[in-house]
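# The sequence and its predicted three-dimensional model are supplied below.
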Amino acid sequence: MPATAPAPAPHAVMPTPEFVNRWRASDTPDPAAGSAVPSISVRVRNAAVAPPDRYGRLGVTARAMSFDRSRLENAAIGGTIAIEVPDAPGPYRFVFDRRQRQGDRLLLSAHLAEADPAYGLIVMLGRDMQATLSTPSGSYSIESVNGIPWLTSQRELSLLVNVAEPDYRIPAIHREQVQ
């Protein structure tokens, strides 16, 4: 009689199909370790750090962020990260709920601890860092430029979809025909 594999524990991180060939069981942290991992803090850095020119050309306010990358790389499921964003009464606390490694990249996702779980955080760490977070006060992007992570509002970057408008782009050559 063939042996059946035990069902995964409810806390197990399961690979998505596109990651299944590179995912390793050793990338799944022990959930008990999550409570032992101190929370990570991401704070706005000294305002004297000048943002990269590309943000200025776009008219976007960029804020330099400060965090300990090694602690983020070692974040465990159940661990927390506190992130300061503009116009918020204090930092938002996210709880990590997913961790996947693909080659030299690490994908982390988390949900907002004290609010609707629809608010979330997705972080991709590799040579550089990319992150997207949504909070009750807005949606933000974090990207590293020259080793410094920069926080920008997705509204300022025009990355938010206005549901009152069609979600497609009309090539410039055809715009006058449509309007």
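Right, received. Where do you want to start?
# What are the buried residues along stretch 92-110?
92-97, 99-102, 106-110 (16 or more other Cβ atoms under 10 Å). For the C-beta atoms, the positions are set from N, CA and C on the backbone; glycine is no exception.
# Narrow those to those in strands?
Using DSSP state E, the members of the buried residues of stretch 92-110 that fall within strands are 92-97, 99-102, 106-110.
# Name the SS class of Arg71, please.
The three-state label for Arg71, taken from DSSP: H, G, I helix; E, B strand; the rest coil, comes out as helix.
# same thing with Leu157?
In terms of secondary structure, Leu157 is coil; the call rests on three-state DSSP.
# need the contact list for the closest residue to it other than its chain neighbours.
Of all residues not flanking Leu157 in the chain, Val60 sits nearest, at 6.0 Å (Cβ to Cβ, 6 or more residues apart in numbering). Applying Cβ atoms under 8 Å, 6 or more residues apart in numbering to Val60 gives the contacts Thr152, Ser153, Glu156, Leu157.
# With respect to Asp128, which of those is nearest?
Thr152 (14.9 Å; Cβ to Cβ).
# Asp116 in helix, strand or coil?
With three-state DSSP as the basis, the three-state label of Asp116 is coil.
# how much space is there between it and Ser134?
Taking Cβ to Cβ, to the nearest Å as the measure, Asp116 falls 10 Å from Ser134.
# So the two - more neighbours on which side?
Set side by side, Asp116 and Ser134 show unequal neighbour counts under other Cβ atoms under 10 Å, the larger going to Ser134 at 17 against 10.
# Shouldn't that one be within a helix?
No: remark: Ser134 does not belong to a helix; assigned using three-state DSSP, it is strand.
# Hmm, Tyr119 and it touching each other?
Yes: contact status for Ser134 versus Tyr119: in contact at 5.0 Å, counting by Cβ atoms under 8 Å.
# for this structure, what are the low-confidence residue spans?
Along the chain, the parts satisfying pLDDT under 70 run over 1-48, 159-179.
# Can you show me the strands along it?
Along the chain, the segments classed as strands by DSSP E run 40-44, 62-66, 80-83, 92-102, 105-112, 120-125, 129-135, 138-145, 148-153.
# Generate TSV for those strands, with distance to Pro52 as supplementary columns.
TSV is the format used below for the strands of the chain (distance: least, Cβ to Cβ, whole Å):
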stretch	distance to Pro52
strand 40-44	16
strand 62-66	7
strand 80-83	20
strand 92-102	25
strand 105-112	23
strand 120-125	19
strand 129-135	14
strand 138-145	5
strand 148-153	7
